[in-house]
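Novice: Sequence first, predicted model second:
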Amino acid sequence: MKIYFSLFALLMVLSTLGFNQTSMTVENSISATKMDQDSVLRHVVLLKFKEGTTKKQLEEVETAFVALKNKIPEIESLEWGLNNSPEGLNKGFTHCFFLTFASEEAREVYLPHPDHKAFGTLLGPSLEDVLVVDYWTP
């Protein structure tokens, strides 16, 4: 009888450890999708323009992108700048736009938004390449 009790106790300990591991895994997957209220969703857009794009065209693109902040309320913040890295690793990407969203739902409103689509139409003729990276802040 004593051995059965010991086996029962061992099984209880092992099942408790398994439960704790499962709950830790669930907690980690939630943090991976960033349900944390202090986190924000960053949307980084790098632009590379076709050779021959004029200064006026670049200014129109810059102005139109920045104007999205006032047209699409889901954009929490927007900043941008020109590459000035001395490393020479930008692969021709010259413009970086950095948008912040409070949630994935906010980004989902932004992406198909008519003003965002109109910006894409303006950008299209002078765009050689685009790189977009989104991430949750820790």
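Specialist: That came through fine. Keep in mind that this is a model prediction, so the values were computed, not measured. Residues are numbered from 1 along each chain as shown.
Novice: list the buried ones in stretch 113-132?
Specialist: Going by neighbour count (16 or more other C-beta atoms under 10 Å), the buried part of stretch 113-132 is His113, His116, Phe119, Leu123, Ser126. Yep, even glycine has a C-beta here, placed from its N, CA and C like the rest.
Novice: domain assignment for this structure?
Specialist: According to automatic domain parsing, the chain comprises the domains 1-32, 41-136.
Novice: Give the helix, strand or coil label for Leu99.
Specialist: strand (DSSP: H, G, I helix; E, B strand; the rest coil).
Novice: Bridge partners for the nearest residue to it once chain neighbours are set aside, pull those for me.
Specialist: Nearest in space to Leu99, with sequence neighbours left out and distances taken as C-beta to C-beta, 6 or more residues apart in numbering, is His43 at 4.2 Å. Following DSSP bridges, His43 is listed with bridge partners Leu99, Asp134.
Novice: start the count at 11, not 1, going forward
Specialist: With the count now opening at 11, the last piece we talked about shows up as His53.
Novice: Pretty sure Asp144 is one of the things His53 touches, is it not?
Specialist: Yes. Using C-beta atoms under 8 Å, His53 is in contact with Asp144, at 5.1 Å.
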